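Asks: my questions are about this predicted structure, shown below with the sequence.
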Amino acid sequence: MKNTHISLSHGSGGVESNALVDGVIHKILGEVMCEYGEDAGVFSGVKGYAISTDSYVVSPIFFPGGDIGKLCVCGSSNDVSVRGATPRYLTLGLILEEGFTMEELEQILHSIKREAIQGGLRIITGDTKVVPKGNADKIYINTTAIGEIKDVDWRVGNIQEGDDIILSAPVGTHGAVIFCARNEMALQNDLQSDCAQLYPLIESTHQYGNAIHAVRDATRGGVAAVLNEWSRGACVEINIQGGKIPILQQVRGVCEILGLEALNLANEGVLLMAVSPHKSKAILESLRSHTLGKQACIIGRVSRKVAHIQEARVIATNAWGGKCYVEYPQGELLPRIC
């Protein structure tokens, strides 16, 4: 008789564990696995590598535009992509709650498979654990992405006075979707998470090499967090034009109703670039040529270097010329966003 739910015995290392790994996980993901049945995956290469690890605890695990399976592949892939690397390998760790349904697990595994195939990723190693009911919430996933570094050096320390700041897409969409899905708010629209793999978009800009100084995907803390991290990390003042930042009307409505700030909301398919002003227009055109970057725009610039980190700040100017500081997000507006 086929098990319909996860039981503690599925994490015992015995017959039931093998049935879960062989009959469910490997059956679905075998096509994108490097090796099977070994304690460690092996790969070789002569290039530099970017490595990023992340854990996913998003709630709900299924949401408009994606699920935790799609999110874990996109999120880790994006983290190495923004360092100028080509994503190659992925590790996959599953923590399952006793009682979690096999049907939902299979749906999530199929999402992982689809995204891995789309991104050219191979699962190099993995692990599965089961915890007693109540000790987790359905499923948690840990992934580590490994990417081959191209001949670029993109990092916060390269940001310079005069750099243009490019934003690739409207902000706050993922955060707004999760907030509404979790609170069962009925949206009178088809708003979906922006969850996507950004490597194809970023690849279109590799030709500009180190004219691109830094790239970051704006996930937890949103655009506000990234800009503040850059400001402090490079000891610079950044000025942005608030009126130039694209925000979907549906997201704007959610923010107005709930008193949220779109710049603070998480994104899962949006990136920021700090680039040389001499190449910014060309880079912008490259981004706009891709589906994920059609609304890319220059939202501001690095106005000056500062002597001390205490002077580093982000300033937004609104349509009427008023100025305000863009602060680091404080507190936890929306736990378990990813």
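Replies: Looks like it came in fine. The structure presented is a predicted model; accordingly, all values stated were derived computationally and were not measured. Numbering: from 1, shown residues only.

Asks: in the stretch 51-200 of the chain, which spans are strands?
Replies: 62-63, 66-67, 85-97, 122-131, 139-149, 164-167 (DSSP state E, counting those that start in this stretch).

Asks: tell me which of these lies nearest to residue 229.
Replies: The stretch from the strands of the stretch 51-200 of the chain with the least distance to residue 229 (C-beta to C-beta) is strand 164-167; that distance is 12.8 Å. No exception for glycine: its C-beta is placed from N, CA and C like everyone else's.

Asks: where in the stretch 1-150 of the chain is pLDDT low?
Replies: In the prediction, the stretch 1-150 of the chain carries residues with pLDDT under 70 at positions 1, 46.

Asks: and the helices in it?
Replies: Listed from the start of the chain, the stretch 1-150 of the chain has helices (DSSP state H, counting those that start in this stretch) covering 15-20, 27-29, 68-81, 102-119.

Asks: buried residues, the first one. List them.
Replies: Within helix 15-20, the residues that count as buried by 16 or more other C-beta atoms under 10 Å are 16-17, 20.

Asks: right, and residue 216 touches residue 270 too?
Replies: No - judged on C-beta atoms under 8 Å, residue 216 makes no contact with residue 270 at a distance of 9.8 Å.

Asks: with neighbour numbers in mind, choose between those two.
Replies: The residue with more neighbours, out of residue 216 and residue 270 and counting by other C-beta atoms under 10 Å, is residue 270; that gives 30 against 23.

Asks: got a list of what that one touches?
Replies: Remark: with contacts taken as C-beta atoms under 8 Å, 6 or more residues apart in numbering, residue 270 is in contact with 167-171, 173, 194, 217-218, 223.

Asks: and the pLDDT at it?
Replies: Note on residue 270: pLDDT of 98.

Asks: how far away is it from residue 293?
Replies: Taking C-beta to C-beta, to the nearest Å as the measure, residue 270 falls 10 Å from residue 293.

Asks: likewise residue 17?
Replies: For residue 17, the distance to residue 293 - C-beta to C-beta - is 44 Å.

Asks: tell me the first helix or strand C-terminal of the helix or strand residue 237 falls within.
Replies: Residue 237 belongs to strand 236-241 when elements are defined using DSSP states H and E. Under the assignment DSSP H and E, the closest C-terminal helix or strand after strand 236-241 is helix 249-258.

Asks: give the contact list for residue 125.
Replies: 34-35, 38, 40-41, 91-92.

Asks: among those residues, which ones are buried?
Replies: A residue is treated as buried here by neighbour count (16+ other C-beta under 10 Å); on that basis the buried members of the contacts of residue 125 are 41, 91-92.

Asks: just give me the closest of those to residue 25.
Replies: Each of the buried ones among the contacts of residue 125 was checked against residue 25 using C-beta to C-beta; the closest is residue 92, at 8.7 Å.

Asks: ok so, going back, can you lay out the buried ones among the contacts of residue 125 as JSON lines showing distance to residue 327?
Replies: Written out in JSON lines, the entries for the buried ones among the contacts of residue 125 read as follows (distance: C-beta to C-beta, whole Å):
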{"residue": "41", "distance to residue 327": "42"}
{"residue": "91", "distance to residue 327": "35"}
{"residue": "92", "distance to residue 327": "36"}
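
Asks: from those, which is closest to residue 210?
Replies: residue 91 (29.7 Å).

Asks: grab the nearest non-local neighbour of the closest one.
Replies: Beyond its immediate neighbours in the sequence, the residue positioned closest to residue 91 (C-beta to C-beta, 6 or more residues apart in numbering) is residue 144, lying 4.2 Å away.

Asks: how close does that neighbour sit to residue 27?
Replies: Taking C-beta to C-beta, one finds residue 144 at 23 Å from residue 27.

Asks: which one of those two is surrounded by more residues?
Replies: The residue with the greater number of neighbours, taking residue 144 and residue 27 and applying other C-beta under 10 Å, is residue 144; the counts read 18 against 12.

Asks: how much space separates the residue nearest the centre of the chain from residue 268?
Replies: The structure's the chain has its C-alpha centroid closest to residue 75; by C-alpha atoms, centre = their mean the separation is 3.5 Å. For residue 75, the distance to residue 268 (C-beta to C-beta) stands at 7 Å.

Asks: which residues are in contact with each of these two?
Replies: Taking C-beta under 8 Å, 6+ apart as the contact rule, the neighbours common to residue 75 and residue 268 are 219, 338.

Asks: dump the residue contacts of the nearest residue to the residue nearest to the centre of the chain once chain neighbours are set aside.
Replies: In this structure, residue 75 finds its nearest non-sequential neighbour in residue 54, 5.5 Å apart by C-beta to C-beta, 6+ apart. Contacts were defined as C-beta under 8 Å, 6+ apart; by that measure residue 54 touches 72, 75-76, 79, 142-144, 338.

Asks: all good on my end, thank you.
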